[in-house]
Every structure is written in structure tokens, then in C-alpha cells.
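Undergrad: A structural model of the following input is requested.
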Amino acid sequence: MAPPKESHAVQLFLKAKGIEARGYESPKGFVVRAGSQAVRDEKQAASTPTCVRDMRAELAKQGVLTEKGIAYELSQDYTFSSPSMAAAVLLGRSANGRIEWKSAEGKTLKSIQDAELGA
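TA: Model (predicted):
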């Protein structure tokens, strides 16, 4: 995959439940790259917000999430409102995107953001 268009954007990875995804923060939201995977079976728990289930269904209907083997795959780059919404949609459950998304070195998005703020 080509590097993010924003030269300062750190490429982040989400690896869990047998899927792998790539994304980065942009001024417009959190961009998940085409070719990233999402679990097919979302967790049917009371803690999974309806908005996550609804977004997964809508992205499948639009052809953004397509079936590929045992997972879904993003057919195009997609900008989510937040890293947490991106992680939740990909994992099919509630998720804290600031902890789920990590750099190639294993640093969480939270630690990267804290370092940028000088915390």
C-alpha cells in the first residue's frame, strides 16, 4: 500500500481476531485503507452499540465492506469519524481506537497523541 497522503501521518495497524487493518489520522477523521479486513461475525453483546451494527450494515450495502474468505475487506479507503468507530466497525464490537490502533513499533495511538501534546 502507498503511504498516507498526509506526510506527517503515522501509519497505524489494527491486528485482532484474525484480521489486519491499516489506517491513519487525517484532518477529516480516521482513514482506514482499502484492503483492510473486518471480522464477519460481530459480537452480539449488549455493549455493542447499535450505531456500530448499523454502520457495518450500511458499509456492506454500499459495497465498501465486501465478503472475502472468512472476513470482510474494505474495497476503498474509508474515513470514519474517529479511530474508535473505525476499530469498532472492523472488530464488530465496542472498541477504544486510541488503544487498538498501534504503530509498527507497537505504540498505541494514545501514546503517540500524548507524545505530540508533550504529555
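Undergrad: could you tell me how many residues sit around the closest residue to residue 49 other than its chain neighbours?
TA: Spatially, and ignoring its direct neighbours in sequence, residue 49 is nearest to residue 94 (6.4 Å; Cβ to Cβ, 6 or more residues apart in numbering). Using the backbone N, CA and C atoms, a C-beta is placed for each residue, glycine as well. As a burial measure, residue 94 scores 14 neighbours (other Cβ atoms under 10 Å).
Undergrad: ok, now residue 87?
TA: 27.
Undergrad: need the contact list for it.
TA: 14, 95-97, 100-101 (Cβ atoms under 8 Å, 6 or more residues apart in numbering).
Undergrad: that one: which element?
TA: For residue 87, the host element (DSSP states H and E) is helix 83-91.
Undergrad: just the CA atoms of that helix, as PDB, please.
TA: The C-alpha trace of helix 83-91 is given here as PDB (Å, rounded to 0.1, in the frame of the first residue of the first chain):
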ATOM      1  CA  PRO A  83     -10.400   5.800  15.500                       C
ATOM      2  CA  SER A  84     -12.800   4.200  17.900                       C
ATOM      3  CA  MET A  85     -15.600   4.000  15.400                       C
ATOM      4  CA  ALA A  86     -13.100   2.600  12.900                       C
ATOM      5  CA  ALA A  87     -11.900  -0.100  15.300                       C
ATOM      6  CA  ALA A  88     -15.500  -0.900  16.500                       C
ATOM      7  CA  VAL A  89     -16.700  -1.400  12.900                       C
ATOM      8  CA  LEU A  90     -13.700  -3.600  12.000                       C
ATOM      9  CA  LEU A  91     -13.900  -5.700  15.100                       C
END
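Undergrad: and that helix, how far from the chain's centre?
TA: Counting by Cα atoms, centre = their mean, to the nearest Å, helix 83-91 is centred 5 Å from the centre of its parent chain.
Undergrad: average pLDDT for that helix?
TA: For helix 83-91, the mean per-residue pLDDT is 96.
Undergrad: what is the mean pLDDT for the next helix or strand after that helix?
TA: Using DSSP H and E, the helix or strand that follows helix 83-91 in sequence is helix 97-100. Averaging pLDDT along helix 97-100 yields 97.
Undergrad: which elements pack onto helix 97-100?
TA: helix 83-91, helix 109-116 (3 or more Cβ pairs under 8 Å, 6 or more residues apart in numbering; DSSP states H and E).
Undergrad: if anything else comes up later, I'll come back, but that's it for now.
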